[in-house]
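> The following comprises the amino acid sequence and a computationally predicted model.
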Amino acid sequence: MTQPTFKPGQIWLDTAGKPIQAHGGGILFDKGTYYWYGENRETPTRKIHEIADWDCKRTDVIGISCYSSPDLYHWKNEGVVLTTIPDDPAHDLHPSKVVERPKVIYNDSTGKYVMWLHIDTWDYKYAATGVAISDNPTGPFRYLGSFKPNGADSRDMTVFKDSRGEAYLFHSSEWNKTMYVTPLADDYLSTGKTLARIFIDQSREAPAVFKRNGKYHIITSGCTGWDPNQAQSAVADAVTGPWETQENPCRGKDAAITFYAQSTFVFPVAGYKDAYIFMADIWNKDDLENSRYVWLPVRFEGDSPVIEWRDEWDLSVFNSD
């Protein structure tokens, strides 16, 4: 049997032979299984002409998909685990709204799986976070509603669960000019007071946060709509910072535009030492359903992450690198 591999930028099929629909996604590892949550965009792409200051393309919201895998190579479609509300145009989950960048973490105290999302109106002016919960990683997730964390606008976001169980929301705010770091309540269903404003006036989005050897790392993109730009990494001794900005972590062809992709998540690989995978999306703004995924291994030079382009690779790189 041929060793399975990752092929960044190529079509990735699930175990039923259909293209995976999990854009802007994240990974949860739970009880020996990986769960990949992301945006399902299996509807036609259209341009929003009413938004003139950037090339806004949209698909109607279908919901959030979940895929499960024992090995990271083979993914079973578990279905749409957070569904739309098509009969209520005012609802956050109506197909006409914006539902992006789902991230799921498990609360050890409550036994609930908690999903956080970017929720918005068609014109991106609502700028809020949404929360949903489930008893199972494969859902269904029950939507609890949306809010602006501490009254601040929130667009691209992620949630990060620390090793002792504390969790944090990272979100682009102040019209994407500055990023906020905000603690979550003990049940992960709401936020406390904003802890820190980071990357002030630097216009960073698409945060991917992870921890290694006691250091906190973040990889972000610039703000150029659907078009690719240069990634940036930063490191800190505490979630609140201060965050030390580093250089572009990408290496190889098209590294200056993050391999035509945009960051979404970084996660550790179970069973391997010092093994992390960088996840990103190659957005096809004219046909968002056919956007592709970039998964690449992360290596380190001191406390600096390095992401090198590979046309094809497998998990054995973590044994040799």
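It's in.

> Please enumerate the strands of the stretch 151-300 of the chain.
For the stretch 151-300 of the chain, the strands defined by DSSP state E, counting those that start in this stretch occupy 157-161, 167-173, 178-183, 196-198, 205-212, 215-221, 232-236, 244-245, 250-251, 262-268, 276-282, 292-301.

> so which helix or strand takes in Gly25?
Assigned by DSSP states H and E, Gly25 belongs to strand 23-30.

> And whichever helix or strand comes after that strand, what does it pack against?
Next along the chain after strand 23-30, taking DSSP H and E as the criterion, comes strand 33-40. Strand 33-40 sits against strand 23-30, strand 63-69, strand 76-83, strand 98-106, with contacts defined as 3 or more CB pairs under 8 Å, 6 or more residues apart in numbering; DSSP states H and E. The way it works is simple: take the backbone N, C-alpha and C, and place the C-beta from them, glycine included.

> What residues sit buried inside strand 33-40?
For strand 33-40, burial by neighbour count (16 or more other CB atoms under 10 Å) applies to 34-40.

> Also stretch 171-183?
171-173, 176, 178-183.

> Export the strands of the stretch 151-300 of the chain as TSV, with columns for mean pLDDT and distance to Tyr73.
As requested, the strands of the stretch 151-300 of the chain are arranged in TSV below (pLDDT from 0 to 100; distance: least, CB to CB, whole Å):
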stretch	mean pLDDT	distance to Tyr73
strand 157-161	98	24
strand 167-173	98	29
strand 178-183	97	33
strand 196-198	96	35
strand 205-212	98	21
strand 215-221	98	23
strand 232-236	98	27
strand 244-245	96	34
strand 250-251	98	23
strand 262-268	98	15
strand 276-282	98	12
strand 292-301	98	10
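
> and those strands as TSV, adding distance to Asn77?
Listed next are the strands of the stretch 151-300 of the chain as TSV, based on distance: least, CB to CB, whole Å:
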stretch	distance to Asn77
strand 157-161	23
strand 167-173	27
strand 178-183	33
strand 196-198	36
strand 205-212	24
strand 215-221	28
strand 232-236	32
strand 244-245	39
strand 250-251	30
strand 262-268	19
strand 276-282	18
strand 292-301	15
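
> got TSV for the helices and strands packed on strand 33-40, with mean pLDDT and mean neighbour count too?
Converted to TSV, the helices and strands packed on strand 33-40 look like this (pLDDT from 0 to 100; neighbours: other CB atoms under 10 Å):
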stretch	mean pLDDT	mean neighbour count
strand 23-30	98	22
strand 63-69	98	24
strand 76-83	98	19
strand 98-106	98	24
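
> Nearest approach to Glu301 belongs to which of those?
Nearest of the helices and strands packed on strand 33-40 to Glu301, taken as CB to CB: strand 23-30 at 24.3 Å.

> What pairs with the closest one, parallel or antiparallel?
strand 33-40 (antiparallel) (DSSP bridges).

> what sits against the closest residue to Cys56 other than its chain neighbours?
With sequence-adjacent residues excluded and distances taken as CB to CB, 6 or more residues apart in numbering, Cys56 is closest to Ile48, at 4.2 Å. The contact partners of Ile48, taken as CB atoms under 8 Å, 6 or more residues apart in numbering, are 56-58, 122-123.
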